[in-house]
Structure formats: C-alpha cells, structure tokens
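Engineer: Curious how this folds, go ahead:
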Amino acid sequence: MEYQKQLQRIKNGSGFIAALDQSGGSTPKALENYGVSSDDYDNDDTMFDLVHEMRARIITCESFDNERVLGAILFEDTMEREVEGKSTANYLWENKNIVPFLKVDKGLAEQMNGVQVMRPIPDLDALLDKAKNYPVFGTKMRSVIYEPNVDGIELVVQQQFDVAKQIISKGLMPIVEPEVNIDGTKKHDCELILKTSLLHNLDRLSGDHQVMLKLTLPEEAGFYQELINHPKVLKVVALSGGYSRSDACAKLKQNPGMIASFSRAFTEGLSKQQSDEEFSETINNSIEDIFEASKV
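Structural biologist: Presented below is the predicted three-dimensional model:
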C-alpha cells in the first residue's frame, strides 16, 4: 500500500530528490563543508552522531517541505537513527510526505578499464529486507566512469542492472547511478557509450519492471531525452557531481524532464555555526533554486 502511494508521488509529483547519503568515506568532507573539523571527533561513532545532527537539522527544517522536495536518499546508519522520536525514514514519509530511499552500495572497487565498479554487496538481501521494515521506497547505488572504454562502461552498466534486478525482486525501486566524472577530457564520449548501454539493458528488462536513473548532467543539452521517455524508466534524476549549485542548476535547466538529486550542491552554504534563522534562510534558497531548475 505505502509503496504504491510512494510510486505515484515520485511519478506524478513535482520537486527533486535530496541526496543525504554520505557514508563512511565521504562523511568527513561533508562535515568539513558544514563547519565541523576532524578535531571535533575522534572516532566513527562521534562522527556519525555529528552528521546525523546535520541531517536531522535539514530534515526538520520547515523549508524542507513536500511541495519542493519529492524524496531523500539516506545512508543505512541514518535510516536506523531517529528524528523526533521516529526512525528517519518514517519521519520523512509520515511527517513530511517525502519519499525515503536507501543507499545500498558498499563503495567502489579500484579503477580498471577507465571505470570503478561497485564493491560486492554480500548482505544485500538482508539489507533490502531491513529497508522494507521501514517505509523505504527504493535504493541507490553508484559506480564511476572516467574514460570512454567500451568494455569498462559495459561492465559498470551490467553490474548495475544485475543488482537492480535483485532489488526489484524484493519489491523496491532501484536508482541506477553510473556517474560520469565531470573532469574527464572525453566526458561526452563516455556519455555516448553509456547511453547506448543503458538503452540496451532497459530494453531487456522484463514485464512491468522499471528503474530510476541517476546521471551526470550531460555535455549536450537534452542528450538523455530518449532515456527520460523510455517506458522502463520511472524518472531520470541528475547528480551535481562536483559542480557548484549555480552551475548544476544552469545545466539542469537545459535538460527538461530531468530533476535534481544533488548532494554537495544541495547542502552548499549550510553551516553548524549558523543560527536557526540563518540556516533556514540558506536551505530555503538552496531548495528554491534546485526546485525551479527541476521544473523546467
């Protein structure tokens, strides 16, 4: 029942998906950007306490509203922690009508053939079962492409879709995220190969199975329109990938049909040292910029 309500919300609602899923490796940088230095914590437990405080401050802010925010991607630790007496996922859905997603990958393998595939996810079934005990709608998993190597990109996409099918079999919606690194000199060449591989794998999905795609904003405006229109794609969302918020929003406006799923660009400008009023104003401006770019 909840899944169908969430499905309709993602399919028909307006807004964007906030990526609040920094995990072990990326958490120190997220905290540093928020004004919390490594001197403020001396172990992982304290670090995750601090990042949860940051996320709870964002989620409970009045500006973080369901008129502009469709969904939020969580790290497993965040899903299991509480916000105002409820699990984070329950709080998002029940209090905010914002659809929760869960990051399920375990990070990246070493670079080979111009790409980084995902590390194995040995306990994925158990993690998916746990997610279903919360009102989690879908999952997200990330790989990275650096060079236009056909074999490498095929490997990335095939792995993503193999895991996506496992997620679909558990009754959850997978977000497939084969990120193209924005600093590569042959970014568009990577995107050409990636789109071909994505279309091939989408065409092979069975029955009424669908996925969501999370893609780097392309070099060519409207380049992913064929994916946006594909019947096997519920929604195409864009990652900020290291672009500033202003640059990411400008690029997003050139790609009608894509909506944002920004992480660093979303939290840009937020600081632990801000008063609640300053924090609320900053996040409201961020949300409004990203929402307007996602409407185009």
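
Engineer: Contacts for stretch 269-282, please.
Structural biologist: 33-36, 54, 57-58, 61-63, 245, 283, 285-286 (CB atoms under 8 Å, 6 or more residues apart in numbering). In short, each C-beta sits where N, CA and C put it, glycine included.

Engineer: in it, what's buried?
Structural biologist: For stretch 269-282, burial by neighbour count (16 or more other CB atoms under 10 Å) applies to 269-270, 274, 279-280, 282.

Engineer: Closest one of these to A126?
Structural biologist: Ranked by distance to A126 (CB to CB), the buried residues of stretch 269-282 are led by L270 at 33.5 Å.

Engineer: that's a helix at E179, yeah?
Structural biologist: No. E179: not assigned to a helix; according to DSSP: H, G, I helix; E, B strand; the rest coil it is strand.

Engineer: Leaving out sequence neighbours, find the closest residue to it.
Structural biologist: Excluding the flanking residues, the one nearest E179 by CB to CB, 6 or more residues apart in numbering is V144, at 4.9 Å.

Engineer: Now name the helix or strand holding the one you found.
Structural biologist: Following DSSP states H and E, one finds V144 within strand 138-145.

Engineer: can you give me the mean pLDDT across that strand?
Structural biologist: If you average the pLDDT over strand 138-145, you get 98.

Engineer: And it, what does it pack against?
Structural biologist: Counting contacts by 3 or more CB pairs under 8 Å, 6 or more residues apart in numbering; DSSP states H and E, strand 138-145 is packed against strand 99-103, strand 115-116, helix 150-169, strand 173-180, strand 211-216.

Engineer: What strands line up against it, and which way round?
Structural biologist: The strands beside strand 138-145 in its sheet (DSSP bridges) come out as strand 99-103 (parallel), strand 115-116 (antiparallel), strand 173-180 (parallel).

Engineer: And the furthest pair within the buried residues of stretch 269-282?
Structural biologist: Most distant of the buried residues of stretch 269-282, by CB to CB, are G269 and S280, 12.2 Å apart.

Engineer: And the contacts of the helix or strand bottoming out on mean pLDDT in the chain?
Structural biologist: Among the helices and strands of the chain, helix 27-33 carries the lowest confidence by mean pLDDT, DSSP states H and E, at a mean of 89. With CB under 8 Å, 6+ apart as the test, helix 27-33 has contacts from 22, 37-38, 40-41, 47-48, 50-51, 54, 264, 267-268, 270.

Engineer: among these, which are in helices?
Structural biologist: Per DSSP state H, helices hold the following members of those: 47-48, 50-51, 54, 264, 267.

Engineer: got the residues you listed as CSV, with distance to R81, pLDDT and neighbour count columns?
Structural biologist: Formatted as CSV, the ones in helices among the contacts of helix 27-33 follow (distance: CB to CB, whole Å; pLDDT from 0 to 100; neighbours: other CB atoms under 10 Å):
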residue, distance to R81, pLDDT, neighbour count
M47, 13, 91, 18
F48, 8, 90, 19
L50, 12, 92, 18
V51, 10, 91, 25
M54, 12, 95, 22
R264, 22, 91, 20
T267, 18, 94, 23
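
Engineer: Now the two most distant members of these.
Structural biologist: Largest separation among the ones in helices among the contacts of helix 27-33 by CB to CB: F48 and R264, giving 18.6 Å.
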